[in-house]
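Asks: pasting the structure only:
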């Protein structure tokens, strides 16, 4: 018996074909992975500012008990680090922009903004660096001030480690421990070497 192929036409397939099949909702079109990478980069930038400025302040505190010198040194580190991060990010993203421009005709994608990336990097670094500065600004006793800076930085390191683990999908405990130990090691090394050089009169 001959079978006519038109008898087996499936209306469901025809109903699924059409403009609705090619359209994506705003949620499907949104790139969540890109947003997660940006947020994680911001957390890393804040962590850099936190650790570098705190280590710098601990190094100065190892040889000087003056709170003003410690705070001014930390502020100078904040400004220098933020400018360095901004300039480095600007140059890096601008180089990436040149590469992206060459592919514009073949792909439709959002191009990176060098100025926006530079400002975001400087802001993230400054937000992290302001934590040890605030911790040391209102305490007169030298030993208490050093302890409060270490405590505040340690808490911030754990928080940044937790945020980074959530954004990166890594184990929370390991991420927090790595962040905390890395920051404490940086502060301890800076404190110890500065104390050594100050004692030797170098």
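Replies: Thanks, I have the structure now. The model shown is predicted, which means the values in this text are computed figures rather than measured ones. Residues are numbered from 1 along each chain as shown.
Asks: Do you have the helices of this protein handy? List them.
Replies: 11-16, 19-22, 26-29, 32-63, 67-101, 114-137, 142-168, 172-200 (DSSP state H).
Asks: which of the residues in the fifth one are buried?
Replies: Spelled out, it's helix 67-101. Buried positions in helix 67-101, judged by neighbour count with 16 or more other CB atoms under 10 Å: 67, 70-71, 73-74, 77-78, 81-82, 85-86, 89-90, 93. Any C-beta I mention is one placed from the backbone N, CA and C, and that applies to glycine too.
Asks: okay if I get those as CSV plus distance to residue 161?
Replies: Putting these into CSV (distance: CB to CB, whole Å) gives the following:
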residue, distance to residue 161
67, 29
70, 26
71, 26
73, 26
74, 22
77, 22
78, 21
81, 20
82, 22
85, 20
86, 24
89, 22
90, 28
93, 26
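Asks: Relative to residue 195, which of these is nearest.
Replies: residue 70 (14.0 Å; CB to CB).
Asks: now residue 83, nearest residue through space, not along the chain?
Replies: Once flanking residues are discounted, residue 83 sits nearest to residue 122: 7.1 Å by CB to CB, 6 or more residues apart in numbering.
Asks: Test my guess that the one you found contacts residue 82.
Replies: Yes. Contact criterion CB atoms under 8 Å: residue 122 and residue 82 qualify, at 4.2 Å.
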